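Participant: This is a predicted model, with the sequence first.
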Amino acid sequence: MTQERSPETGSSDAVAAPAPGAEITTTDCRQCGAQVSGLNNRYACSYCGWVNHWAEGSNILPSAEDDRDHPGH
């Protein structure tokens, strides 16, 4: 038995495109040495859980009010 999927249904594996001005960067995890990628020098290692500090990123983060998903909007 085969199951057909309608064309409107998106893949659950889809990856959203980064925001304009965002750059995908790569480094080695400081804790376990695994190669990790992130946006604008902000990283989280999926192997050991290491996360670098938000201030180490290469651009200024938007405020909560600038976020379209902020509960205040």
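Facilitator: Yep, that arrived. Remember, predicted model here, so these are calculated numbers, not experimental data.
Participant: Now do the same contact list for the nearest residue to Asn52 once chain neighbours are set aside.
Facilitator: Of all residues not flanking Asn52 in the chain, Tyr43 sits nearest, at 5.0 Å (Cβ to Cβ, 6 or more residues apart in numbering). All C-beta atoms are positioned from the backbone trio N, CA, C, and that covers glycine. For Tyr43, the contact set (Cβ atoms under 8 Å, 6 or more residues apart in numbering) comprises Thr25, Thr27, Cys29, Val36, Ser37, Trp50, Val51, Asn52.
Participant: Just give me the neighbour total for the third one.
Facilitator: Other residues within reach of Cys29 by the criterion other Cβ atoms under 10 Å amount to 19.
Participant: list the contacts for it?
Facilitator: Going by Cβ under 8 Å, 6+ apart, Cys29 touches Gln35, Val36, Tyr43, Cys45, Tyr47, Cys48, Trp50.
Participant: Return the member of those nearest to Ser58.
Facilitator: Among the contacts of Cys29, Tyr43 lies closest to Ser58 (Cβ to Cβ), at 11.6 Å.
Participant: circling back to that earlier point, quick check: PyMOL command selecting the buried ones in the contacts of Cys29.
Facilitator: This is how PyMOL selects the buried members of those, with burial counted by 16 or more other Cβ atoms under 10 Å:
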select buried, resi 36+43+45
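Participant: Out of the contacts of Cys29, which sit inside strands?
Facilitator: Applying DSSP state E to the contacts of Cys29, the entries found in strands are Gln35, Val36.
Participant: Out of the contacts of Cys29, flag the one nearest to Asn59.
Facilitator: Closest approach between the contacts of Cys29 and Asn59, by Cβ to Cβ: Tyr43, at 14.3 Å.
Participant: Next one: the residue nearest to Asn52 from Ala22, what distance?
Facilitator: Computed as Cβ to Cβ, to the nearest Å, the Tyr43 to Ala22 distance reads 14 Å.
Participant: which residues of the protein score low on pLDDT?
Facilitator: Applying pLDDT under 70 to the chain flags residues 1-20, 73.
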